[in-house]
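Chemist: Below are the sequence and a predicted model for it; my questions follow.
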Amino acid sequence: MTSSTATDPGPLAATEVTGGAEIRPSLLCLLLSFLKLGASAFGGPSMVAYIGKMAVEKKRWMSRESFFDGVALCQLIPGATAMQTSAYVGLRTRGVMGAAVSFIGFGFPAFLLMMILSALYARAHNLPAVVSAFSGLQAIIVAIVANAVVLFGRNALKNSRDVIIAVVAALMFGAGVNPIVVLLVAAILGLARNAKTPTRRSMNESPGKFRFPMVLLALIFAAATGFGLLFRFQRKLFDLAALMSMIDLFAFGGGFASVPLMFHEVVQVRGWMDGPSFLNGIVLGQITPGPIVITATFVGFALHGMAGGLLATVSVFLPSFLLVVGIAPLSSRLFASPRINKALGGVLCSFVGLLLTVTIRFALNVHWNLLHIILGGAAFGALLLNVDILWVVLGGALISAIAGWA
């Protein structure tokens, strides 16, 4: 999936909404609008531009400036940027309930499709054509992650200090150091970066709109109660939920940051599934709409059936949702701190190292032959040329399946 930034508005660039009253949508309107958008949300973070096109141009729910301030907030906190942006739009227009409705609406199509594909995979993954298709797609996944290294590196590494942080992180991840320790080291090294502090505009113009302490506390209390009950009665499900929540909390940089952490913890640390099976889950995540972190649904389903798939999905999205709702009122003050921005910049640099490490590890899990080398190389070249990732994945699946039948 390709990356997107707040300075690259995509379709939004053509039109800027200025002046006029903002329209306050109903909760049902938010739900239906984001369900429709979520059903076609191929492209990961690039969907941020289309959320803006809908919210600013078509629906006129907010100003362009306000929308991009929200995008900047979502990029600076961990989690899937497109999912968080949908929550921000709902929060900005209809409060916490609007945030929840928009967030669920945008993510539900990907969740439903991934649950169906996970069930089909469990039944058919041993068929020769399916084995061949997934085998070829694993080589393409290596190319996708390698391309993510290029994209993240281009955006995050601005000078030699940033490169040093990325290299240190890669070595630490490669040595099996706990990801939390790596992120803390990267944050400390990031304090030495010469980074400019981003400015905030509309966030601090109407801070009262974002004050929902009681609702936020209620959500946190409900989540904590749920975790407590799982710990007491379903320890395996608790372990799954706790891991997915931890992954979301440390996924600075979006979905491509989540997946390497998930691979590290699920495959290498806990051994819950083997590397090739996890790669197949990423393949399914690439052909479904929504963020690539929906791979969590596949992991949960493979481990504990439908209950595991649902719980893993909720757990991998809930922390970042709570962060959007909780931090939005404080963002103008919090992200005005140069130290915080430098530390977060260091964390982002560390994910370039993480992606590089994971690219190597993914490659080691592929059974390379001539076809796989050609597929991987062609996919990497196509992605560098900005070919849509969906066509890369579907084309690779078709070629691999035909090779399996031949």
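Modeler: Great, that's in hand.
Chemist: In terms of helices and strands, where is residue 143?
Modeler: Using DSSP states H and E, residue 143 sits in helix 128-156.
Chemist: Next secondary structure after that helix?
Modeler: Following helix 128-156 in sequence, per DSSP H and E, is helix 160-174.
Chemist: now the helix or strand following that following helix: mean pLDDT?
Modeler: Using DSSP H and E, the helix or strand that directly follows helix 160-174 along the chain is helix 179-190. Averaged over helix 179-190, pLDDT sits at 83.
Chemist: Helix 179-190 vs helix 160-174, what angle?
Modeler: Here the directions of helix 179-190 and helix 160-174 differ by 170 degrees (axes from the mean of the first three to the mean of the last three Cα atoms, to 10 degrees).
Chemist: Tell me the helix or strand right after helix 179-190.
Modeler: Taking DSSP H and E, what comes next after helix 179-190 is helix 213-233.
Chemist: So which other helices or strands are in contact with that following helix?
Modeler: If you count contacts as 3 or more Cβ pairs under 8 Å, 6 or more residues apart in numbering; DSSP states H and E, helix 213-233 packs onto helix 81-124, helix 235-249, helix 295-327. C-beta coordinates here come from the backbone N, C-alpha and C atoms, glycine included.
Chemist: and it with helix 295-327, angle?
Modeler: 140 degrees.
Chemist: Check which residues of helix 213-233 are buried.
Modeler: The neighbour-count check on helix 213-233 (16 or more other Cβ atoms under 10 Å) flags 219, 223, 226-227, 230 as buried.
Chemist: got JSON lines for those residues, with pLDDT and distance to residue 157 too?
Modeler: Below are the buried residues of helix 213-233 laid out as JSON lines (pLDDT from 0 to 100; distance: Cβ to Cβ, whole Å):
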{"residue": "219", "pLDDT": "84", "distance to residue 157": "37"}
{"residue": "223", "pLDDT": "91", "distance to residue 157": "36"}
{"residue": "226", "pLDDT": "93", "distance to residue 157": "40"}
{"residue": "227", "pLDDT": "94", "distance to residue 157": "37"}
{"residue": "230", "pLDDT": "94", "distance to residue 157": "40"}
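Chemist: Make a markdown table out of these and add distance to residue 313.
Modeler: Converted to a markdown table, the buried residues of helix 213-233 look like this (distance: Cβ to Cβ, whole Å):
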| residue | distance to residue 313 |
| --- | --- |
| 219 | 17 |
| 223 | 14 |
| 226 | 14 |
| 227 | 15 |
| 230 | 15 |
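Chemist: May I ask which two of the residues you listed are separated the most?
Modeler: 219 and 230 (16.8 Å; Cβ to Cβ).
Chemist: where does residue 191 sit relative to residue 330, distance-wise?
Modeler: Per Cβ to Cβ, to the nearest Å, residue 191 is found 21 Å from residue 330.
Chemist: For residue 402, find the nearest of the helices and strands packed on helix 213-233.
Modeler: Nearest to residue 402, of these and by Cβ to Cβ, is helix 81-124 at 17.1 Å.
Chemist: Can you give the distance from the helix or strand residue 359 falls within to the centre of its chain?
Modeler: If you go by DSSP H and E, residue 359 is part of helix 338-364. Computed by Cα atoms, centre = their mean, to the nearest Å, the chain-centroid distance of helix 338-364 equals 14 Å.
Chemist: Show me the contact partners of whatever helix or strand comes next after that helix.
Modeler: With elements assigned by DSSP H and E, the helix or strand that comes after helix 338-364 is helix 370-384. Residues external to helix 370-384 that are found in contact with it (Cβ atoms under 8 Å, 6 or more residues apart in numbering): 135-136, 138-140, 142-144, 146-147, 150, 366, 389, 392, 396, 399-400, 403.
Chemist: from the chain's centre, how far out does stretch 147-166 sit?
Modeler: 18 Å.
Chemist: Buried ones in it, by neighbour count?
Modeler: For stretch 147-166, by 16+ other Cβ under 10 Å, it's 147-149, 151-153, 156-157, 161-163, 165-166.
Chemist: Equivalent analysis for stretch 69-84, please.
Modeler: Under 16+ other Cβ under 10 Å, the buried positions of stretch 69-84 are 69-84.
Chemist: if I pick residue 361, what's in contact with it?
Modeler: Counting by Cβ under 8 Å, 6+ apart, residue 361 has contacts 263, 268, 275.
Chemist: do you know how far the last one is from residue 354?
Modeler: Translated: residue 275. 16 Å.
Chemist: which of the two has more neighbours?
Modeler: residue 354 (30 against 17; other Cβ atoms under 10 Å).
Chemist: Which neighbouring residues are in contact with the more buried one, exactly?
Modeler: Residue 354 sits in contact with 169-170, 173, 179, 182, 257, 260-261, where contact means Cβ under 8 Å, 6+ apart.
Chemist: go with 6 Å
Modeler: Residues near residue 354 by Cβ atoms under 6 Å, 6 or more residues apart in numbering: 173, 260.
Chemist: one step back: of the helices and strands packed on helix 213-233, which approaches residue 348 most closely?
Modeler: Closest approach to residue 348 among those (Cβ to Cβ): helix 81-124, 12.3 Å.
Chemist: okay, the angle between that closest one and helix 295-327?
Modeler: Using the same axes, to 10 degrees: helix 81-124 against helix 295-327 is 160 degrees.
Chemist: same question for helix 81-124, mean pLDDT?
Modeler: 89.
Chemist: Measure how far it is from the centre of its chain, please.
Modeler: On the basis of Cα atoms, centre = their mean, helix 81-124 sits 12 Å off its chain's mean C-alpha point.
Chemist: re the thing from before, need the helices and strands packed on helix 213-233 in a markdown table (columns: distance to residue 343).
Modeler: Converted to a markdown table, these look like this (distance: least, Cβ to Cβ, whole Å):
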| stretch | distance to residue 343 |
| --- | --- |
| helix 81-124 | 19 |
| helix 235-249 | 15 |
| helix 295-327 | 15 |
